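Asker: this one's structure only:
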């Protein structure tokens, strides 16, 4: 079955540091890939997505590139802020499933940015 | 996008009772999903709810424990029955909107004593 593996946290950084969160997946076919973010006390928000190989998703300074050859979708940001402190979830979704587009989530990575 | 609200936002319940969670969407959607997020864990899909048909449950989740209603295209409820402390979690609903995107509600934080 489908699975998503992401680096365990917590990841603690200083403001303006470079952030990378690794994500790899196992799936048949060509899933879509997502990063969701969960700020403290809030629900999940879609951060970015990529739907095919070599696509780059970007939003709010975050980027991730769909690498089919390495089955990876690593999240990066060049200069983090305190407001980026949150839990980040990598997820995949198959588009053409009769039962609906079900998301499979990684375990989540908590990021703490210190001033 | 879709705007999703959930009620209640949090609740504290006694073991053996039930809690019904409501999910309201601001537009008509075909698919609605219910997830559980146990403390410090990732999200696990409980079931998929289509309007006009019975919900489809994932492995490890049964209708007797998690009955779901989907009376129309903008609303769904999830009931967590016969509560035990192990049911303490955040329960989230989500909907498909746009192309292959899911949007999530703010979640319902359940604590069972």
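Answerer: Yep, it's here. All figures in this text were calculated on a predicted structure; none of them were measured in a lab.
Asker: contacts and neighbour counts: CA atoms only from here.
Answerer: Will do.
Asker: Beta-bridge partners for residue A:87, please?
Answerer: Using DSSP bridges, the beta-bridge partners of residue A:87 come out as residue A:38, residue A:110.
Asker: what does residue B:72 give?
Answerer: Here residue B:72, judged by DSSP bridges, has bridge partners residue B:75.
Asker: Touching, it and residue B:51? I think so.
Answerer: Yes. Under the criterion of Cα atoms under 8 Å, residue B:72 is in contact with residue B:51, at a separation of 5.7 Å.
Asker: more crowded one of these two?
Answerer: residue B:51 (18 against 13; other Cα atoms under 10 Å in any protein chain shown).
Asker: I'd like the distance between residue A:14 and residue B:50.
Answerer: In this structure, residue A:14 lies at 45 Å from residue B:50, with Cα to Cα, to the nearest Å as the measure.
Asker: Please say which of the two ends up with more neighbours.
Answerer: residue B:50 (22 against 15).
Asker: So for that one, what's the nearest residue that isn't a sequence neighbour?
Answerer: In space, and not counting its chain neighbours, residue B:50 is closest to residue B:31: 5.2 Å by Cα to Cα, 6 or more residues apart in numbering or on different chains.
Asker: Contacts only, for that neighbour.
Answerer: If a contact means Cα atoms under 8 Å, 6 or more residues apart in numbering or on different chains, then residue B:31 has A:100, B:48, B:49, B:50, B:51, B:95, B:96 as its contacts.
Asker: if we go to 6 Å?
Answerer: The contact partners of residue B:31, by Cα atoms under 6 Å, 6 or more residues apart in numbering or on different chains, come to B:50, B:95, B:96.
Asker: Would you check that the second one makes contact with residue B:103?
Answerer: Yes. In this structure, residue B:95 sits in contact with residue B:103. The criterion is Cα atoms under 6 Å, and the distance is 5.5 Å.
Asker: higher neighbour count, those two?
Answerer: A count of neighbours by other Cα under 10 Å puts residue B:95 above the other of residue B:95 and residue B:103, at 28 against 22.
Asker: what about the strand or helix carrying that one, near chain A?
Answerer: With secondary structure defined by DSSP states H and E, residue B:95 is part of strand B:89-96. No. Judged by Cα under 6 Å from any Cα of the partner chain, strand B:89-96 stays clear of chain A, getting no closer than 7.7 Å.
Asker: What pairs with that strand, parallel or antiparallel?
Answerer: According to DSSP bridges, strand B:89-96 forms sheet pairs with strand B:31-37 (antiparallel), strand B:102-104 (antiparallel), strand B:108-112 (antiparallel).
Asker: Mind checking the ones you listed for the one nearest to residue B:4?
Answerer: strand B:102-104 (6.7 Å; Cα to Cα).
Asker: And the average pLDDT for the closest one is what?
Answerer: Mean pLDDT, taken over the full extent of strand B:102-104, equals 89.
Asker: ok, and what's touching that strand?
Answerer: With Cα under 6 Å, 6+ apart as the contact definition, strand B:102-104 has outside contacts at A:44, B:93, B:94, B:95, B:96.
Asker: where does the last one land on pLDDT?
Answerer: For residue B:96, the model assigns a pLDDT of 84.
Asker: So for stretch A:44-61, what gets flagged as buried?
Answerer: A:44, A:45, A:46, A:47, A:48, A:49, A:50, A:51, A:53, A:56, A:57, A:58 (16 or more other Cα atoms under 10 Å in any protein chain shown).
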